[in-house]
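> Here is my input; please provide its structure:
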Amino acid sequence: MEKYDIVIVGAGPVGLTLSTCLARWGYKIKHIDNRPEPTPTGRADGIQPRSLDLLRNMGLKRQIMAYEPAKVYEVAFWDPAASGIHRTGTWASCPKFIDARYPFTTLLHQGMIERVFIEDIEKHGGKIQRPWTITDFENDGKDANYPVQVSLAHVDGTQKETVRAKYLFSGEGARSFVRDKLGVKIIHKDPISHVWGVMDGVVRTDFPDIKMKCTIHSDAGSIMVIPRENNMVRLYIQIASSTDPDFNPRKSATAEEVQARAQAILKPYSITWDRVEWYSVYPIGQGIAERYTLDERVFMGGDVCHTHSPKAGQGMNTAFLDAVNLAWKIHHVESGFSPRSILKTYESERKLIAENLLNFDAKYAKLFSTRLPSAGEVAGATQANQMPAEENEFIKTFKASCEFTSGYGVAYNANTLNWSSAHPAQHPLFLSAGNGTTLRTGRILLPATVTRVCDANVVHLEQEIPLNGSYRFYLFAGEPEATKNAVKDLAAHMGKKSSFYGTFLHKNEDVDRYHERHNPHTQFLSICTIFNAPRSQISIAKQLPSVFARYNDHVYADDVWDQRVPDAKAAAHAKMGLDERKGGIVVVRPDGYVGCVVRLEEGNGTGEALDAYFGAVCGQKFGGERASL
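Reported below is the predicted structural model:
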């Protein structure tokens, strides 16, 4: 019987992201999908700013942008008026108070996004087996290393296959065989539901904002306008609501009927279709799975675990983060870096985010699906430099939720991975938000622009280490003269075989790693060093001990001005809230979220604090006479 590290069911965004990560990291994968080919048209289409950061970190952003997707920088609001509808205001899709590299939503149909992932999977020796489906599975434990038996079959029933795996992952979508067999229920958050039609096509119209994302309310109903690639536009059109006296959740409508409704809603503007590429009718409901796993062997993610309206553009983006969260944790368990208990944090972290999403979405979808009685709720059109005297509830909700919808509002609670005052590792040198740093554990690392010393390139620090499954260790080294002894002491501590660093050094010393930029010493972490000094005054060989100097491509000068900290001499240090002279250590999880922040001081204290944090993460004691897996 063939054995695999993981069987992945479903080749939508969540399954493909998981498969891409694990294929790159060398895992043996059986990946099936019950469709004969990738998504040809339609379905999810919005990539939020945080997800674009992630795709760039995976090296896939350039391929996505090659499709020339539409970009949404602003959202326009249209409400009822005496003559039909009128614009009552606009708001940035990703406002300036959010520190984003890409302050826009990228719009491209799901099939094109899937192709980018599939090409990468194939490049790394993987493939999607189509059209195959799962027929049975059981964590029977008959093989201690491959405890899950999985039965698969061609959709026409002509072929069958049974394999064993360490893990099984369901990315099947809302109708999940795996979830049903596990007996995991979906809890519905809001009894009110709505039926919507969605249509992608090329249109002719005099509606002035057809190239913008718009939320439109009129006496005839509601529409959301989403610009798309290749001169297309997507329209979400409300068909029915459970508040209607004759509501039928299975109510349908023809494309022509929905077009007629859109024409009525858009009055006094006209709209006709040159062609329709994709059309569907579906009900909206907010639901979340009770569990994401029962045994840390069979996992679920994406739409299997959370269903909600597409109005806030979160479905695919949440799926990306589900997959990355699980991928690195499986990798660390299977690499011997962490105990199996780390896998419990997948459900606790991602279920929390899904619950926050559903709570937001229920309010957002309800507001969007409610006809506003008049334009009087908004005091005229918004001028470029003037806010309306009064805003309706929908606009208030939209603005308040920008951080969440952009993806930067994700905040994981304190746990073993995310340091807090209740963490198992306690030491006086740990820093917390408002106490020595602006960074919050469990949240994304703030972006910072620095100059790479070896080649004078100005780079984005948070992007310098790719998504390679390693922890990211940022040594903010302050002013070289002020911290040289502290840096030397930290290097000496890390050089010990029993330290968090020394324990996981590569075993095979015969491998030539001369050109290895990110992991020359260990796959456990990658190191970046950032000095508060002009690039011309930094000498890597003279100012850094060999442990840090080996990461020659990851030494930087913090000498690039940033408008968010205009008075800072070292903007990257300042944005992290670290002392510009004395620096500090920022440990970032493989998925980009801050794990802990530690003060940089002379002596053994900094190293001891890091040993304690990683000891809790890895389930073993570091810094003693002996450390072993």
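
> is it true that G15 lies in a helix?
Yes: under DSSP: H, G, I helix; E, B strand; the rest coil, G15 sits within a helix.

> need the contact list for it.
By C-beta atoms under 8 Å, 6 or more residues apart in numbering, G15 lies in contact with I8, V9, H31, D33, F169, G171, G302, A323. For the C-beta atoms, the positions are set from N, CA and C on the backbone; glycine is no exception.

> ok, now with 7 Å
I8, H31, G171 (C-beta atoms under 7 Å, 6 or more residues apart in numbering).

> any chance of the residues you listed in TSV, with distance to I186 too?
Output for the contacts of G15, formatted as TSV (distance: C-beta to C-beta, whole Å):
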residue	distance to I186
I8	21
H31	25
G171	16
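
> TSV for these, including secondary structure, distance to R550 and pLDDT?
Converted to TSV, the contacts of G15 look like this (DSSP: H, G, I helix; E, B strand; the rest coil; distance: C-beta to C-beta, whole Å; pLDDT from 0 to 100):
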residue	secondary structure	distance to R550	pLDDT
I8	strand	36	98
H31	strand	36	98
G171	coil	39	97
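
> okay if I get those residues as CSV plus neighbour count?
What follows is those, written out as CSV (neighbours: other C-beta atoms under 10 Å):
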residue, neighbour count
I8, 27
H31, 27
G171, 30
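
> what helix or strand is D611 on?
Element membership for D611 (DSSP states H and E) is helix 605-618.

> actually W78, not the one I wrote
strand 74-81.

> Can you give me the buried ones in that strand?
V75, A76, F77, W78, D79, P80, A81 (16 or more other C-beta atoms under 10 Å).

> Low-confidence bits of this protein, can you list those?
The model of the chain has pLDDT under 70 over residues 42, 44, 190-193, 247, 249-250, 309-313, 364-392, 394-395, 398-399, 625-629.

> So for it, the centremost residue is which one?
Nearest residue to the geometric centre of the chain (C-alpha atoms, centre = their mean): L321, 3.6 Å.

> residues contacting that residue?
V410.

> same deal with V453?
Applying C-beta under 7 Å, 6+ apart, one finds that V453 lies in contact with R535, I538, I540, V555, Y556, A557.

> which residue sits closest to G584, ignoring its sequence neighbours?
L578 (4.1 Å; C-beta to C-beta, 6 or more residues apart in numbering).

> Paired strands for the longest strand along the chain, with orientation please.
Among the segments of the chain that qualify as a strand by DSSP state E, the longest is strand 271-284. Take DSSP bridges as the rule and strand 271-284 pairs in its sheet with strand 194-205 (antiparallel).

> Tell me which stretches of the stretch 151-300 of the chain form helices.
177-182, 255-265 (DSSP state H, counting those that start in this stretch).

> Taking helix 255-265 as reference, get the angle to the strand holding W78.
Computed by axes from the mean of the first three to the mean of the last three C-alpha atoms, to 10 degrees, the angle separating strand 74-81 from helix 255-265 equals 80 degrees.

> May I have strand 74-81 exported as PDB, CA atoms only?
The C-alpha coordinates for strand 74-81 follow below in PDB (Å, rounded to 0.1, in the frame of the first residue of the first chain):
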ATOM      1  CA  GLU A  74     -11.500  53.100  -3.600                       C
ATOM      2  CA  VAL A  75     -15.000  52.000  -2.900                       C
ATOM      3  CA  ALA A  76     -17.900  54.200  -4.000                       C
ATOM      4  CA  PHE A  77     -21.300  54.300  -2.200                       C
ATOM      5  CA  TRP A  78     -24.500  54.900  -4.100                       C
ATOM      6  CA  ASP A  79     -27.900  55.400  -2.400                       C
ATOM      7  CA  PRO A  80     -31.500  56.200  -3.400                       C
ATOM      8  CA  ALA A  81     -32.400  59.600  -4.700                       C
END
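
> quick revisit: between the contacts of V453, which is closest to K251?
Y556 (58.1 Å; C-beta to C-beta).

> Provide the secondary structure category for the closest one.
Y556 - assigned by three-state DSSP - is strand.

> show me the contacts for the closest residue to it other than its chain neighbours.
Nearest non-adjacent residue to Y556, counting by C-beta to C-beta, 6+ apart: V450, 4.0 Å away. Shown in contact with V450 (C-beta under 7 Å, 6+ apart): V459, L461, I530, Y556, A557, D558, V560, A572.

> mind giving me the domain ranges of the protein?
The chain breaks down into these domains under automatic domain parsing: 3-68+109-185+287-356, 194-284+370-405, 430-627.

> Mind putting the ones you listed into CSV with distance to P95?
Output for these, formatted as CSV (distance: least, C-beta to C-beta, whole Å):
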stretch, distance to P95
domain 3-68+109-185+287-356, 11
domain 194-284+370-405, 5
domain 430-627, 14
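
> what about D156, neighbour count?
Using other C-beta atoms under 10 Å, D156 is surrounded by 7 other residues.

> how many neighbours does K497 have?
Using other C-beta under 10 Å, K497 has 11 neighbouring residues.

> before we move on, which element is it in?
Applying DSSP H and E, one finds K497 in no helix or strand.

> any idea how far it lies from G623?
Distance, K497 to G623, using C-beta to C-beta, to the nearest Å: 11 Å.

> Ok, N457 next?
36 Å.

> Of those two, which one has the most company?
G623 (20 against 11).

> Tell me who's in contact with the nearest residue to that one once chain neighbours are set aside.
Excluding its sequence neighbours, the residue lying closest to G623 (C-beta to C-beta, 6+ apart) is D611, at 3.9 Å. Neighbour list for D611: S499, F500, F622, G623 [criterion: C-beta under 7 Å, 6+ apart].

> would you list the residues you listed in JSON lines and tack on secondary structure and distance to E349?
What follows is the contacts of D611, written out as JSON lines (DSSP: H, G, I helix; E, B strand; the rest coil; distance: C-beta to C-beta, whole Å):
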{"residue": "S499", "secondary structure": "coil", "distance to E349": "27"}
{"residue": "F500", "secondary structure": "coil", "distance to E349": "22"}
{"residue": "F622", "secondary structure": "coil", "distance to E349": "24"}
{"residue": "G623", "secondary structure": "coil", "distance to E349": "28"}
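
> what about burial for those, which qualify?
In the contacts of D611, the ones that pass as buried (16+ other C-beta under 10 Å) are S499, F500, F622, G623.

> OK, contacts around the first one?
The reference is to S499. H493, G607, D611, F622, G623.

> nearest to R175, of the residues you listed?
F622 (46.0 Å).

> nearest spatial neighbour of the closest one, skipping sequence neighbours?
Nearest one to F622, counting by C-beta to C-beta, 6+ apart, is D611 at 4.0 Å.

> Next, work out how far apart that neighbour and V587 are.
12 Å.

> again, but for I330
Going from I330 to V587 by C-beta to C-beta gives 20 Å.

> Note down every partner strand of the strand holding W78 and its orientation.
Paired strands of strand 74-81, with direction, are strand 84-92 (antiparallel), strand 213-218 (parallel) (DSSP bridges).

> Output these in a markdown table; the columns should cover distance to P520 and mean neighbour count.
Putting the strands paired with strand 74-81 into a markdown table (distance: least, C-beta to C-beta, whole Å; neighbours: other C-beta atoms under 10 Å) gives the following:
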| stretch | distance to P520 | mean neighbour count |
| --- | --- | --- |
| strand 84-92 | 42 | 19 |
| strand 213-218 | 45 | 24 |
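
> quick one, which of the ones you listed is nearest to Y102?
Among the strands paired with strand 74-81, the nearest to Y102 by C-beta to C-beta is strand 84-92 (12.8 Å).

> For the closest one, what is the distance to the chain centroid?
From the chain centre to the centre of strand 84-92 is a distance of 30 Å (C-alpha atoms, centre = their mean, to the nearest Å).
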